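[1] from the sequence below, what's the structure:
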Amino acid sequence: MRVVLILGTNLGNRLDNLKRAEELIRKFVGRILRRSPVFETPPFGVEKQPPFLNYGLLVETHHPPFELLRLVKWIEKRVGRYRTFRWGPRVIDVDIVKYGDVKISVEELQIPHPGLKDREFFRKICSYLDISVK
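    Got it, this is the predicted structure:
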């Protein structure tokens with residue numbers, strides 16, 4: 001299945017955080033088919049925090065959606081994520097934005113991701129990955 005993951009970070013060595021997360025995605029999630037450039041973006045929701053680096057990956061995976069969610073949460077922890085508060089700063093964030101044409105809407109997982117489609121950087125990432133998310 002082809003999935004789109006969006007990675008973001010605004011704490012520590014941001015480029016290293018992204019690199020470490022991508023290495024774990026390649027090793028445990030699946031083959032990376034495409035990657036967008038990295039975009040520096042202003043924080044959303046809580047504005048008094050450092051800017052984010054964000055980019056997207058198109059990945060071929062065999063993991064079903066909830067197993068993929070478990071894996072990306074594990075990857076976040078391995079890279080150093082710890083819980084702060086909603087829209088707060090983070091070492092790494094990995095969002096499952098698209099999982100083929102599957103739609104899921106439960107508390108722990110919403111696909112397509114509901115909060116990104118109206119953000120400018122996300123539209124750019126979709127363009128680079130040659131995908132659309134509705």
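[2] shaky segments in the chain?
    Applying pLDDT under 70 to the chain flags residues 85, 87, 134.
[3] which residues does the residue of it positioned farthest from its centre contact?
    Taking C-alpha atoms, centre = their mean, the residue of the chain most remote from its mean C-alpha position is Lys48, at 21.5 Å. For Lys48, no contacting residues are found, by C-beta atoms under 8 Å, 6 or more residues apart in numbering. The way it works is simple: take the backbone N, C-alpha and C, and place the C-beta from them, glycine included.
[4] is it in a helix, a strand, or coil?
    Three-state assignment for Lys48 (DSSP: H, G, I helix; E, B strand; the rest coil): coil.
[5] do you know how far the nearest residue to Ser132 once chain neighbours are set aside is from Gln110?
    The shortest distance from Ser132 to any non-neighbouring residue, by C-beta to C-beta, 6 or more residues apart in numbering, is to Cys126 (6.3 Å). As judged by C-beta to C-beta, to the nearest Å, Cys126 and Gln110 stand 17 Å apart.
[6] what is the burial count for the residue nearest to Ser132?
    Neighbourhood size, Cys126 [other C-beta atoms under 10 Å]: 21.
[7] may I have the phi/psi pair for the residue positioned nearest the centre of the chain?
    In the chain, the C-alpha closest to the average C-alpha coordinate belongs to Ile6, at a distance of 2.5 Å (C-alpha atoms, centre = their mean). The phi/psi pair for Ile6 (degrees, to the nearest 10) reads phi -110, psi 130.
[8] which strand residues bridge it?
    For Ile6, the beta-bridge partners are Gly56, Asp95 (DSSP bridges).
[9] wait, isn't it in contact with Tyr55?
    Yes: assessed by C-beta atoms under 8 Å, Ile6 is found in contact with Tyr55 at 7.5 Å.
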